[in-house]
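In: 3D model of this:
(chains A and B)
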Amino acid sequence: MKEAYNFEEIEKKWQKIWEERKIFEVKEDPARPKFYCLEMYPYPSGRIHMGHVRNYSIGDVIARFKKMRGFNVLHPIGWDALGLPAENAAIKHGIHPKKWTLDNIDYMRSQLKRLGISYSWSREVNTCLPDYYRWNQWIFLKMFEQGLAYRRMSWVNWCPQCRTVLANEQVVAGRCWRCDSEVSQKKMEQWFLKITAYADELLSGHEKLNKWPEHVLQMQKNWIGKSEGALVNFKVPSINKNIEVFTTRIDTIYGATFVVLSVEHPLTPELIAGHPEKEKLLAWIKKTIAENRVRKEIKEEEKTGYDTGLKAINPFTGQPVPVFLANYVLMDYGTGAVMGVPAHDQRDYEFATKYNLLITPVIKPASPDINPLAGQAFEEYGILFNSGEFDGLKSEQAMEKMAAVAEARGFGCKSVTYRLRDWGISRQRYWGTPIPVIYCEKCGLQPVPYDQLPVEIPYRAEFTGEEGSPLEKIPEFVNTTCPKCGGPARRETDTMDTFVDSSWYFFRYCSPQESKLPFDPEKVDYWLPVDLYIGGVEHAILHLIYSRFFTKYLRDLGLSRTDEPFPHYLAQGMVTKDGSAMSKSKGNVVDPDEMVKAYGADALRIFILFASPPEKEFAWSEEGLEGCYRFILKIWNLVEESLDVFRARTDVSGELDNAGSYQRVNKKLHQTIRKVTDDIEQRFHLNTAISALMELTNSLKKEKDILRQSQKGRELLKKALTDLILLLSPFAPHLAEELWQKTGQAALVAETGWPVYDPELAKEEMITIVVQINGKLRDKFEIEAETDEEILKEKALNLPRIRELLGGKQPKKIVCVKNKLVSLVV
RNA sequence: GGGCAGGUGGCGGAAUUGGCAGACGCACUAGGCUUAGGACCUAGUUCCUGAAUAAGGAGUGCGGGUUCGAUUCCCGCUCUGCCCA
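Out: Predicted structure coming up:
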């Protein structure tokens, strides 16, 4: 009697055994090669979603595979547990953020365990516990000591109704998410981390990241946005001040017919001091500042500016040019001032046209074949003219020479700027790491001494969503004593961006209990870098760049020797259904729990991996899942029906009736081992690995009754089933363990080695050779592999069909490729 | 506007180095088995012409190029998605 496949029972059983026997717990072992397999840790929002299942299933295949290949595998998980949603839940439902978060974690942990992911649970990291976030504070203080954490004025979103600061995600279409009133901008003192100090290394480090997807590197490059150019001073004689502009095109400077400053430029007040329409101008400036914060892009028709009436001197031409304020120059980039070259910059061109400014061309195309289009700027490099002593130079040469001249004459120099800004980490929120700083009336700003860490998030707080951060309203928290003079002082009430937590959590996994330092440098030295990092591409810029920054900082602090935390990043594609990303707002979310209940974790895992390669989009379909469930049933039944071959029998004759069957299955087996191994190890194409397993299963199913008629065939079937179970185990680990046990194995699959193939046996002996005439397939024939090209040619020409088609004519040319084809040209 | 990724049957996808396009799965069709089945078994399924298991033609977004040969390489266009402005 065949036993039925009861996935619920089987999966629970093996999850329990793995946990009890601590199969996936690891220690440093210098004798073995290590493999650190990491998936992006989840935010404990309440429930696991399909994106998580995909992410963790991919990671689990790799982790289990590497373990079977003999690696010492670290495969940890944790929780990105601080953040705004917990606070929102408190505001909306009156649940304390801590309770909400910890409850969510408990539930989601059980969900992950139900999926059978091979995590080292003893290393679980939870960022909302003081044990973890105290080290955020520790690292912050180290940065503060070195001037890499600093405070300055910066803009925040402000809801005038709720009188509170809003996070960007709380601003919906320019309005407050709670009260729908219009969000304004407010300047406040904020904390920053000096990531720009590492701008150059973050960029040059890309060279080591040859196992990152090219497009992710490109995104980071754009984000860092290095531009090489020059700084040039334009003197404003009437107020005796210099306007320093940054330009990447100093070769066009003879065409600079005006200067434009950001409305937020520090010189603005002086520039407009004597303006006849000062009031009107101030109103416009205020409006522009507000708009610049909200708006992402400035379209042509929206470019507005004001003439200050003042003139600046173009240091190259010596000519006075008008000084403008405009909304299309941002204080955040370069120096907050640019020179306007309307002939060679499209934005300047549009601006000049609108305000009737002089347009002076100074660059002509290098080749006379190119005609600059009328009615727009010519932005290409070319040959200088109208440029005094620099006439006739190419743009590239001119840029060098003119920067040198500017430097020699004292009004400029070569310069590099970055688009990358320092990282603003201040959040006026409760559920985050308190920034460990104290303000004393007498002594001023004081860092919290290391021995007073952690500064804990006070439990008792009120969550109204109004009137500033909850922390501000907790006197026991705010009121403290100055660590220097002992007098009364106030605590900083800002908390840290949660990206700080996720910038180094992968260090913490190496020694999660460490209490003297953020992590044990020796253990980190053994495990880092992460050998494979898997996660959604939505974190490709911020999280990955911040993590790289922290890694470099921790290295410079002497705590680690790792330059790049993630030498290999696998960017997983989106999970979609009905053509769009699964999301609550779209209402197309499929709950993994229900699927696990209906089909089991193994079927869900196999389907999610089978439907598309990891880096591509994955489209949900329940029919597809059913198909994978049937595949599992097929394997189950195949093994059930063949269990007798695992028992010694004497009543089977020794000789094989069907040698062809033996050959086919043996070859298929070795080819499958080869393909599954290569697909996992080299390409991460888990979908084709699974399809290879399906093929092997189909073939065994078809041949098993013939094979079992002889002793030799029974041995092969036994080996094939054994290897099939092993190959299957990273994908469907519970099923594999159960079948493994059924076939009489004492050890666990998870502790067994990966099957090995014989390259000789995996080779095809007979090969189909294709015969083409004029590139069209006309016939084919079977022949031994590696047969000489001459023989192929002869054989092809003698095929009856080919002779008929040639009609006695000699081909003009014959191309022969060993093991592939014969191509005739007539 | 710039950068990147992608476009292959009814659907998800395969084709790893320029060499048989459509593996594997879904869905569907016909038949079998069954009291029944969303189970299982057998056969079939890119499109067009054909009674056909005969034979031929077209075919990997569109147009061109390189090549004996292009889903794959090159040029131009187009559409979709992502990122940045």
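In: and the nearest residue to A:Asn126 once chain neighbours are set aside, how many residues sit next to it?
Out: Nearest residue to A:Asn126, sequence neighbours excluded (Cβ to Cβ, 6 or more residues apart in numbering): A:Trp79, at 4.8 Å. For every residue, glycine as well, the C-beta is placed using N, CA and C. Neighbourhood size, A:Trp79 [other Cβ atoms under 10 Å]: 24.
In: isn't A:Trp79 up against A:Tyr107?
Out: No. Using Cβ atoms under 8 Å as the test, A:Trp79 is too far from A:Tyr107 to be in contact (11.6 Å).
In: distance of the closest residue to A:Ile363 other than its chain neighbours from RNA strand B?
Out: Once flanking residues are discounted, A:Ile363 sits nearest to A:Gly382: 4.3 Å by Cβ to Cβ, 6+ apart. A:Gly382 sits at a distance of 18 Å from RNA strand B (criterion: Cβ to the nearest atom of the strand, to the nearest Å).
In: what number of residues lie near A:Gly382?
Out: A:Gly382 has 22 neighbouring residues, counting by other Cβ under 10 Å.
In: which residues does it bridge with?
Out: A:Pro365 (DSSP bridges).
In: report pLDDT for it.
Out: Turning to A:Gly382, the model gives it a pLDDT of 85.
In: and the gap between it and A:Met402?
Out: 15 Å (Cβ to Cβ, to the nearest Å).
In: could you list the buried residues of stretch A:510-519?
Out: A:Cys510, A:Ser511, A:Pro512, A:Glu514, A:Pro518, A:Phe519 (16 or more other Cβ atoms under 10 Å).
In: of all those residues, which comes closest to RNA strand B?
Out: Ranked by distance to RNA strand B (Cβ to the nearest atom of the strand), the buried residues of stretch A:510-519 are led by A:Pro518 at 28.8 Å.
In: for that closest one, list the residues it contacts.
Out: Taking Cβ atoms under 8 Å, 6 or more residues apart in numbering, we find A:Pro518 in contact with A:Trp135, A:Trp138, A:Ile139, A:Trp504, A:Phe507, A:Arg508, A:Leu554, A:Leu559.
In: rewinding a little: near RNA strand B, from the buried residues of stretch A:510-519?
Out: With Cβ under 7 Å from any atom of the strand as the criterion, the buried residues of stretch A:510-519 include none near RNA strand B.
In: tell me where the stretch 701-826 of chain A has helices.
Out: Along the stretch 701-826 of chain A, counting by DSSP state H, counting those that start in this stretch, helices occupy A:711-728, A:733-742, A:759-762, A:789-797, A:800-806.
In: nearest to RNA strand B, of those helices?
Out: Closest approach to RNA strand B among these is made by helix A:800-806 (7.7 Å; Cβ to the nearest atom of the strand).
In: show me the shaky parts of the stretch 651-800 of chain A.
Out: Applying pLDDT under 70 to the stretch 651-800 of chain A flags the ranges A:651-657.
In: run the last query once more with 80
Out: Counting by pLDDT under 80, the stretch 651-800 of chain A shows low-confidence ranges at A:651-659.
In: near RNA strand B, which residues of it? Just list them.
Out: Counting by Cβ under 7 Å from any atom of the strand, the residues of the stretch 651-800 of chain A close to RNA strand B are A:675, A:678-679, A:682-683, A:685, A:687-688, A:690-691, A:694-695, A:698, A:701-702, A:768, A:770, A:772, A:774-777, A:780.
In: select only the buried ones of these in PyMOL?
Out: Selection of the buried residues among these in PyMOL, burial being defined by 16+ other Cβ under 10 Å:
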select buried, chain A and resi 675+679+685+687+688+690+691+694+770+772+780
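In: now do stretch A:513-522: distance from first to last residue.
Out: Counting by Cα to Cα, to the nearest Å, you get 14 Å between the two ends of stretch A:513-522.
In: how many neighbours does the closest residue to A:Ala571 other than its chain neighbours have?
Out: Distances taken as Cβ to Cβ, 6+ apart put A:Val537 closest to A:Ala571, at 4.2 Å, once the chain neighbours are dropped. By other Cβ under 10 Å, the residues close to A:Val537 number 17.
In: local confidence estimate at A:Val537?
Out: The per-residue pLDDT reported for A:Val537 equals 84.
In: equivalent analysis for A:Leu542, please.
Out: 86.
In: same question, A:Glu11
Out: 95.
In: report how many residues lie close to it.
Out: A:Glu11: 24 neighbours (other Cβ under 10 Å).
In: so how far is A:Phe631 from it?
Out: Separation of A:Glu11 from A:Phe631 (Cβ to Cβ): 16 Å.
In: sorry, back to before: got the contact list for the residue nearest to A:Ala571?
Out: A:Pro213, A:Val216, A:Ala571, A:Gln572, A:Gly573.
In: export those as JSON lines, with columns for pLDDT.
Out: Formatted as JSON lines, those follow (pLDDT from 0 to 100):
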{"residue": "A:Pro213", "pLDDT": "88"}
{"residue": "A:Val216", "pLDDT": "88"}
{"residue": "A:Ala571", "pLDDT": "91"}
{"residue": "A:Gln572", "pLDDT": "90"}
{"residue": "A:Gly573", "pLDDT": "88"}
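In: which of the residues you listed tops the neighbour count?
Out: Most surrounded of the contacts of A:Val537: other Cβ under 10 Å gives A:Gln572, at 23 neighbours.
In: my read: that one touches A:Tyr533, true?
Out: No. Look at A:Gln572 against A:Tyr533 with Cβ under 8 Å: they stay out of range, at 10.4 Å.
In: spatially, which two of the contacts of A:Val537 are the most separated?
Out: Farthest apart among these by Cβ to Cβ are A:Val216 and A:Gly573. That separation is 12.6 Å.
In: re earlier: can you tell me which of the residues of the stretch 651-800 of chain A next to RNA strand B are in strands?
Out: Among these, the members falling in strands (DSSP state E) are A:Thr768, A:Val770, A:Gln772, A:Lys776, A:Leu777, A:Lys780.
In: and the third one, what does it touch?
Out: Residues touching A:Gln772, when contacts are defined by Cβ under 8 Å, 6+ apart, comprise A:Arg778, A:Leu821, A:Val822, A:Ser823, A:Leu824.
In: now do 6 Å
Out: Residues near A:Gln772 by Cβ atoms under 6 Å, 6 or more residues apart in numbering: A:Ser823.
In: can you name the residue of the stretch 101-250 of chain A nearest RNA strand B?
Out: At 2.4 Å from RNA strand B, A:His215 is the closest residue in the stretch 101-250 of chain A, using Cβ to the nearest atom of the strand.
In: give me the contact list for the host helix or strand of that residue.
Out: Secondary structure from DSSP states H and E places A:His215 in helix A:214-224. In this structure, residues lying in contact with helix A:214-224 by Cβ under 6 Å, 6+ apart are A:Ala199, A:Leu202, A:Leu203, A:His206, A:Tyr418, A:Leu420, A:Ala540, A:Ile541, A:Ile545, A:Ala571.
In: pick out the most distant pair among these.
Out: A:Tyr418 and A:Ala571 (23.9 Å).
In: tell me which of the contacts of helix A:214-224 is nearest to A:Gln319?
Out: Using Cβ to Cβ, the contacts of helix A:214-224 come closest to A:Gln319 at A:Tyr418, 31.5 Å.
In: count the residues that sit near that closest one.
Out: Count around A:Tyr418 with other Cβ under 10 Å applied: 18.
In: the nearest residue to it once chain neighbours are set aside: how many residues sit nearby?
Out: Spatial nearest neighbour of A:Tyr418, chain neighbours left out: A:Ala199 (4.6 Å); criterion: Cβ to Cβ, 6+ apart. Neighbour count for A:Ala199, taken as other Cβ under 10 Å: 21.
In: Three-state assignment for A:Ala199, please.
Out: In three-state terms, and counting by DSSP: H, G, I helix; E, B strand; the rest coil, A:Ala199 is helix.
In: how is chain A divided into domains?
Out: Following automatic domain parsing, one gets these domains for chain A: A:7-127+A:499-572, A:141-194+A:423-496, A:226-417, A:638-762, A:766-825.
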